[in-house]
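Peer 1: Dropping a prediction and its sequence here:
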Amino acid sequence: MSGRARYVATRVALTVPTLLAMTVFVFLLIHLVPGDPVRTMLGFRATPENVRVIRHELGLDRPLVSQYFSWLGGLLRGDLGQDYISREPLTQLLRERIPVTLELTVASMALALLVGVPLGVVAASGRRFGKVTASVFTIAGISMPDFWLGTLLVLVFAAKLGWLPPTGYVPLTAHPLENVRYMTLPVLTLAIGEAAYILRTTRASMQETMGRPFVTFLRAKGLRRHAIVYRHALRTASLPIVTVAGIQFGVLLGGAIVVETLFGLPGVGKLVVTAINQRNYTVVQGSVLVIAALFILVNLATDLLYGLLNPRLGGERA
Amino acid sequence: MTAIALRAVRPRNLTARLGSREAAAGIGILAVLVLVALFAPLLAPHSPDAIDADHILGGPSWSHPFGFDALGRDVLSRVLFAYRASLGISIGAVALALALGLPIGIVAGYFGGVVDNLLMRPVDLLLALPALLLAISLISITGPGELVALFAIATIYLPILARVVRSSVLAVSRELYVEGARARGVSHARTIWSHVVPNALGPAVVQASVLAGFALQIEAALSFLGLGAQPPTPSLGLMLADGYQVLQQAPWADIFPGLAIAITVVAFNLVGDGLRSKLDPRGISR
């Protein structure tokens, strides 16, 4: 148990430098913009006076290091600064949008696992029909750009059949059923591609596990195939699935940027795209930071779960 | 290693030499696509920029099998030309990522220890951001464009390729023939070049092939967000983004470029998966 405790402690400790490095990267974003970011932000019609005021408000006229630390201090107090277009505090802006992105990505991952793992098991150990279906699904899911898939879904389910709304959003807390109607197409868009990856990983991992001596032993013992597959092999085979699901969550967060834009969902992803197009750098910084932090935390959670599932954990894996 | 044995069993036909039918099929499709991109001006039935005002959003016909787009341009001709930008960005990005990532990964894996940490820690930081987010953060600094998209995708791929080749070099460096070369007094540089690299590159090749396919998807996503190639350059991603605007009236303007991307991704994946059994028996690139 002490080995495991050490693993948890190391892994949690490793998150801190990663998060710090991330803040440096995000902080530098605005400083790497060629020319004067404030002038770019305000456009050509800005008066020198305007530029000077905003520069001062952003603290851009102070030394870089002192800027960074006061910005980091604000972060730790939960103050991310201000949106210079709507004049809203960024913290408020993000607090409204994070739940949308979380709902989208978590629901997509859940659906992908729900579809991908059983299909993967069938593909590894089932009949020929299951194997072929799984292969076709994998190739289709992996090769289609996700927003193109979303486009086709809109074409069929919104435009032709009229079953689901093509764009828009209703908060889950305001009207749960309506929320599900609006989220169905975006979640499907992200989940189908994702399920293909989960399927592929599950298939490879199950194939490998089913060839291990302990499975042969269980078979020799006369255990039913069903019990071997689901009670014993799947548990052993789940380690790579957990790892891949963690990595793929980052892909989902990236995909959310596109899917939120496509379906008009007011999430962090849509916020960052709008902000980039408006050259609204403080908002870009805030939303990049939030998505990055989410990803780092999910990676941490994945590694901890891996530690929980892996009985042989030494101290070597970081 | 055993040159004599290799010569004796070298397979005769291409399929056997590549290790699988998938790889051969993938390479075949890709060869066709590259030729299409190179010879687009000869193959395209119409000019990709010619505007036919009478056929705005016109449907497919014999002379225009993929129909017309929102400006009355021939979709087939535009797809053929778009392969130039899309394959250019994809292959260029992978080549750049290989050029930077391979040396880092090789040196880190071969020397290990402090060198490994010094080189790989910064590279790992790039992996701490979701890939697409990293790309659009970089583009937010410079503004959009084709070359920017290429650099952004290369930045996403650099850490992935560096990691893969590092793991592979790490394994190969422990082999007896490497130790033997060092014991004979062969320099580090020579050992790396003639003993480690030839035996360690396989997984990177497999990974690079798969990544080249996904580059098309990333390019498409960036174009859709308005952060990729800029009009009037036709790229497959840009065509998808434009096609989405007229989805209901003219689905062909969106479906054909999408299929073009999907086929290319499948082809790169076939090559990658097909070569894996031959070039990456340890499964490092998985």
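Peer 2: Done, it's in. Not measured: the values here are computed from a predicted model. Numbering: from 1, shown residues only, chains lettered A, B, ... in the order given.

Peer 1: okay but A:T243 is in contact with A:Y306, surely?
Peer 2: Yes. Using C-beta atoms under 8 Å, A:T243 is in contact with A:Y306, at 6.3 Å. C-beta coordinates here come from the backbone N, C-alpha and C atoms, glycine included.

Peer 1: what about these two, which has more around it?
Peer 2: More crowded of A:T243 and A:Y306, by other C-beta atoms under 10 Å in any protein chain shown: A:Y306, with 19 against 16.

Peer 1: List the contacts of the more buried one.
Peer 2: With contacts defined as C-beta atoms under 8 Å, 6 or more residues apart in numbering or on different chains, A:Y306 is in contact with A:L239, A:V242, A:T243, A:G246.

Peer 1: And A:A191, by the same measure?
Peer 2: Neighbour list for A:A191: A:A107, A:S108, A:M109, A:L111, A:A112, A:V115 [criterion: C-beta under 8 Å, 6+ apart].

Peer 1: which parts of whichever helix or strand the third one is part of are buried?
Peer 2: In the assignment (DSSP states H and E), A:M109 maps to helix A:90-125. Of all the residues in helix A:90-125, those buried under the rule 16 or more other C-beta atoms under 10 Å in any protein chain shown are A:90-91, A:93-94, A:97-98, A:100-101, A:103-105, A:107-109, A:111-113, A:115-125.

Peer 1: out of everything not next to it in sequence, what's closest to residue 218?
Peer 2: Picked chain A for this. Ranked by C-beta to C-beta, 6 or more residues apart in numbering or on different chains and with sequence neighbours excluded, the top spatial neighbour of A:L218 is A:I228, at 5.0 Å.

Peer 1: wrong one, I was asking about chain B
Peer 2: In this structure, B:I218 finds its nearest non-sequential neighbour in B:I153, 5.4 Å apart by C-beta to C-beta, 6+ apart.

Peer 1: For that neighbour, I want the exact helix or strand it lies within.
Peer 2: Going by DSSP H and E, B:I153 is in helix B:146-173.

Peer 1: mean confidence for that helix?
Peer 2: For helix B:146-173, mean pLDDT is 91.

Peer 1: re the thing from before, counting by contacts, list what the helix holding A:M109 packs against.
Peer 2: helix A:128-143, helix A:176-210, helix A:234-263, helix A:268-277, helix A:281-309 (3 or more C-beta pairs under 8 Å, 6 or more residues apart in numbering or on different chains; DSSP states H and E).

Peer 1: mind listing what's buried in whichever strand or helix holds A:R55?
Peer 2: Assigned by DSSP H and E, A:R55 falls within helix A:48-58. Going by neighbour count (16+ other C-beta under 10 Å), the buried part of helix A:48-58 is A:V51, A:I54, A:R55, A:L58.

Peer 1: okay, which residue is most central for the chain?
Peer 2: You didn't say which chain, so I picked chain A. A:L253 (2.8 Å; C-alpha atoms, centre = their mean).

Peer 1: Let me rephrase: I mean chain B.
Peer 2: Short answer for chain B (C-alpha atoms, centre = their mean): B:A212, at 1.1 Å.
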